[in-house]
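# Just the structure for this:
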Amino acid sequence: MRPVLLLLIFFTLKLFSQDEQPNYERFVSVFTERFNSGDYDGIYDMYDAGMKNAFTNIETRNFFENNINRLTGEIKSMQFYTLREGAHVYRVVFDKSVADLTVTLSPESKINGLLISRPMSLGIPLLERNTTIMSLPFNGEWFVYWGGVTEVQNYHVKEVTQQYAYDIMKVKDGASYVGDPLLNESYFAFGEDIIAPCDARVVTVIDGVPDNIPGEMNPQQLTGNTIVLQTDNEEYLLMAHLMKGSIVVQEGQDIRKGEILAKCGNSGNSTEPHLHLSLQNAAEMEESIGAKLYFDRIEVNGEIRLDYLPVKEDFISNSN
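Below is the predicted model of the structure:
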């Protein structure tokens, strides 16, 4: 399905806070009530003059009734998670799917821009976070380059299939490498062991993808050399950009926490050696909705943290 675009215009509202504004909180309440009751005329009444000039009442009804509600069902929740060029972005959980809704309001709190992204099916149960106890999938201290639940902390949040994923690397003295930056071997993360964060079963193995020259990418093979683990709780852990030829497990194999799986590499859509780590509700990333990944007991910036979700610029390691 192509992205569903209603209209996104008139970005006259300039916001400097990353917090949800009170008038948008009211918008969420009213919009949800009218959408779920089928009051599409009421939604049209929420438009400003520019939106009403662009779309008729009938067009608005057809859009929400036939293009949205028929595919998604009712709204179960709308959660604000970021501002984008002055627009509020919400992650909307419907009965049958998940989508992003981007909206701008006029000074009179009327809708003057609205975008609904491609809905992702909820045919597979939505996963909020892990219930399996997890440790970090590596030894020693690593650096969280992308991580967290806001777009400022974690650019993955923009993509439902990878929301809340981590990009993790090794850093020493403020740098991720020493020596020639065009050699993977110069990077501290390259060749480091990637280990099982819990007992699980290997459900996907992709190997044979060449490691990139640092600074170059391979967008045709996004995750590069990859392992996907399935826990007993039907959670799926994806580990991507692994070193070519380093994977030592096979699909269908049961593995134990701490067991070596592969080595960190620079394959796929990656500019330098690092580990892409994500929790998802299905084995295939393209069919998944990402979930929050917490770790049971780890050291974060020198302090022990329990049941912790790492965020951008954290230094993290397993606690002894």
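# The nearest residue to residue 97 once chain neighbours are set aside and residue 70, how far apart?
Of all residues not flanking residue 97 in the chain, residue 119 sits nearest, at 3.7 Å (Cβ to Cβ, 6 or more residues apart in numbering). C-beta coordinates here come from the backbone N, C-alpha and C atoms, glycine included. Distance of residue 119 to residue 70, given as Cβ to Cβ, to the nearest Å: 11 Å.
# circling back: the residue nearest to residue 97: neighbouring residues, count only.
Neighbour count for residue 119, taken as other Cβ atoms under 10 Å: 22.
# Let me know whether it touches residue 100 as I believe.
No. With contact defined as Cβ atoms under 8 Å, residue 119 does not reach residue 100; the gap is 9.3 Å.
# Return the distance of the residue nearest to residue 97 relative to residue 155.
Distance of residue 119 to residue 155, computed by Cβ to Cβ: 21 Å.
# Kindly report the same for residue 305.
Counting by Cβ to Cβ - residue 305 and residue 155 are separated by 23 Å.
# do residue 100 as well
Distance from residue 100 to residue 155, by Cβ to Cβ: 14 Å.
# So for those two, which sits in the more crowded spot?
The residue with more neighbours, out of residue 100 and residue 155, is residue 100; 23 against 14, by other Cβ under 10 Å.
# Just the CA trace of the longest helix along the chain, in CSV.
Longest helix of the chain, by residue count under DSSP state H: helix 22-36. C-alpha atoms of helix 22-36 as CSV (Å, rounded to 0.1, in the frame of the first residue of the first chain):
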residue,chain,number,x,y,z
PRO,A,22,-1.8,21.6,25.1
ASN,A,23,-3.9,22.5,22.1
TYR,A,24,-2.6,19.3,20.4
GLU,A,25,-3.6,17.3,23.4
ARG,A,26,-7.1,18.6,23.0
PHE,A,27,-6.9,17.8,19.2
VAL,A,28,-6.1,14.2,20.0
SER,A,29,-9.1,13.8,22.3
VAL,A,30,-11.6,15.3,19.9
PHE,A,31,-10.1,13.7,16.7
THR,A,32,-10.2,10.3,18.3
GLU,A,33,-13.8,10.6,19.5
ARG,A,34,-15.0,11.8,16.1
PHE,A,35,-13.0,9.2,14.1
ASN,A,36,-14.2,6.3,16.2
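# Now do the helix or strand immediately after it in the chain: distance to the chain's middle.
Sequence-wise, the next helix or strand downstream of helix 22-36 (DSSP states H and E) is helix 40-44. Computed by Cα atoms, centre = their mean, to the nearest Å, the separation of helix 40-44 from the middle of its chain amounts to 32 Å.
# Kindly report the same for stretch 99-113.
Put simply, stretch 99-113 sits 23 Å off its chain's centre (Cα atoms, centre = their mean).
# can I assume residue 190 is in contact with residue 178?
No. Look at residue 190 against residue 178 with Cβ under 8 Å: they stay out of range, at 11.7 Å.
# okay, those two: which has more neighbours?
residue 190 (23 against 11).
# And for the spatially closest residue to that one that is not a sequence neighbour, the neighbour number?
Nearest non-adjacent residue to residue 190, counting by Cβ to Cβ, 6+ apart: residue 273, 3.9 Å away. Residues within reach of residue 273, counting by other Cβ under 10 Å, total 29.
# So which bits of stretch 250-264 are buried?
Within stretch 250-264, the residues scored as buried using 16 or more other Cβ atoms under 10 Å are 255, 261, 262, 263, 264.
# Residue 246 falls within a strand, correct?
No. Going by DSSP: H, G, I helix; E, B strand; the rest coil, the assignment for residue 246 is coil, not a strand.
# can I assume it is in contact with residue 263?
Yes. Residue 246 is in contact with residue 263 according to Cβ under 8 Å; the separation is 3.8 Å.
# Which residues are in contact with each of these two?
Here residue 246 and residue 263 have residue 191 as joint contacts, going by Cβ atoms under 8 Å, 6 or more residues apart in numbering.
# Backbone dihedrals for residue 214, please?
When read as degrees, to the nearest 10, the backbone of residue 214 gives phi -50, psi 130.
# and the gap between residue 66 and residue 40?
10 Å.
# for residue 25, same thing?
Residue 25 is 22 Å from residue 40, by Cβ to Cβ.
# the more surrounded of those two?
Per other Cβ under 10 Å, whichever of residue 25 and residue 40 has more neighbours is residue 40, with 20 against 12.
# the strands in the stretch 151-300 of the chain, which residues?
Under the criterion DSSP state E, counting those that start in this stretch, the stretch 151-300 of the chain contains strands at 166-169, 193-195, 200-206, 225-230, 236-242, 254-255, 260-263, 275-280, 290-291, 295-300.
# So which elements touch the third one?
So the one you mean is strand 200-206. Applying 3 or more Cβ pairs under 8 Å, 6 or more residues apart in numbering; DSSP states H and E, one finds that strand 200-206 makes contact with strand 225-230, strand 254-255.
# Quick check: which of these is buried the most?
Of all the helices and strands packed on strand 200-206, strand 225-230 has the most neighbours on average by mean count of other Cβ atoms under 10 Å, namely a mean of 24.
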